[in-house]
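Enquirer: Kindly return the folded structure for what I paste below:
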Amino acid sequence: MAPDWTADWLHREATFILDAWAHKEGLASFEAADPERRAALTARLTTMMRTNAFDPGTGVLTIDPLRAQAFEANAAHHADVFRAGRDEYAIPRGALTDPARLRAMSTFFFWTS
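Expert: Take a look at the predicted model:
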């Protein structure tokens, strides 16, 4: 019943970024952009998301500040889902409430997406 959490994460992250770029250009949303602008923003997103910014020598992953904002928005959403529960996902209230475990879960969803 619940979504594929990594697919959900990736979709929410992409939507957050595309909408942020659209807002920066004075548009109401990504969907409000004309098809040519949506294509350009989508290509920009593809480059951002596919760029490998992991340094195996240091073990550090460096992400764009906008992706960091998207991470925080997704983490807040998923924490709410697991704290408050969602009948449509068959997740009861209080399924997960520990802040450290919620953060670890979000980090896992991010990494696997």
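Enquirer: Could you list the low-pLDDT ranges of this protein?
Expert: Counting by pLDDT under 70, the chain contains no low-confidence range.
Enquirer: can you rerun that using 80?
Expert: 1 (pLDDT under 80).
Enquirer: Show the contacting residues for the residue nearest the centre of it.
Expert: In the chain, the residue lying closest to the centroid (CA atoms, centre = their mean) is residue 13, at 2.6 Å. By CB atoms under 8 Å, 6 or more residues apart in numbering, the contact set of residue 13 is 49, 67, 70-71, 74, 110, 113. C-betas here are computed from N, CA, C, even on glycine.
Enquirer: And those, which two are furthest apart?
Expert: 49 and 74 (13.7 Å; CB to CB).
Enquirer: Which parts of this structure are strands?
Expert: 54-55, 60-61 (DSSP state E).
Enquirer: distance of the residue nearest to the centre of the chain from residue 106?
Expert: Distance, residue 13 to residue 106, by CB to CB, to the nearest Å: 11 Å.
Enquirer: No further queries at this time; thank you.
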